[in-house]
Every structure is written in C-alpha cells, then in structure tokens.
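Undergrad: From the sequence below, what's the structure:
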Amino acid sequence: QVQLVESGGGLVQAGGSLRLACVGSLGTFSTYAMGWFRQAPGKEREFVAAITWGGGGTYYADAVKERFTISRDNNKRTVYLQMNSVKPGDTADYYCAADPTYRGVASTLLDDYAYWGQGTQVTVSS
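TA: Have a look, this model is predicted:
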C-alpha cells in the first residue's frame, strides 16, 4: 500500500499562484497514474487534474484548464500541481490520489483511485 502526503496549501490572494506537492512512500510510485482532486465545503469531491505514470499524458477539469499544471518527478516520487491565476472558487481541500491499475490513460474518475492523501487546504481570498 502506498502512502501519500500532500503539502503546499495555504492562503493566497486571487490572481496569485501556489504549488502543491504530493510525495509517495513506495518505489512503485512511478508505475501509478496520479490525480489531484478537491473538495469545497458542502460540495462533493471533484476531479482537478491527472497524469499518466510516465508523465506523457495530462488531463484537466475544464474549470482549471490553462491555469493549473500537473507534473511529476518519479525520481523524487512526487507529483505537483502548479496553480496560477487562482480564483476564490478554487478554495477547497486538495487531495492527491494514486491509481495502481494500468489503463493506458490517467483516469478522471474518483472511484478509480485506490490510495489517497490526507489533503491540504487552499484558501483564495478576493
């Protein structure tokens, strides 16, 4: 089982930037597709971005496309979410997740991810 630990959350002004990081505990991290999800107060958890195991494929929710960038460094067992031009609507707890099943693509579906981090809070002030 892989453990995931997120970091980098905090308070940022609208229009600013923030970079989240998620470190995995196992060497097999490099074989997992990775995703970022978020959950705002009173709302369901939703897909934000995902990346294939090798980093060659990336996928984004429409709400964050062209503002957020997902990337990974398998040597460091770390996946990143660069958040630019943030908006108050981006305020949420952000979770990274690992999908151990090879699919050829990185899934956008929450149920496909078997391992989850504890989350990091992002608050965007207007």
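
Undergrad: what sits against the residue lying closest to residue 107 once chain neighbours are set aside?
TA: Nearest-residue entry for residue 107: residue 99, 5.7 Å, with adjacent residues in sequence omitted and distances by Cβ to Cβ, 6 or more residues apart in numbering. Placement of C-beta: from N, CA and C, glycine included. If a contact means Cβ atoms under 8 Å, 6 or more residues apart in numbering, then residue 99 has 32-35, 106-107, 112-114 as its contacts.

Undergrad: rerun at 10 Å
TA: Contacts for residue 99 (Cβ atoms under 10 Å, 6 or more residues apart in numbering) come out as 32-35, 50, 52-53, 106-107, 109, 111-115.

Undergrad: Next, name the residue at the spatial heart of this structure.
TA: For the chain, the residue sitting closest to the mean C-alpha position, by Cα atoms, centre = their mean, is residue 36 at 2.2 Å.

Undergrad: Thanks a lot, see you next time.
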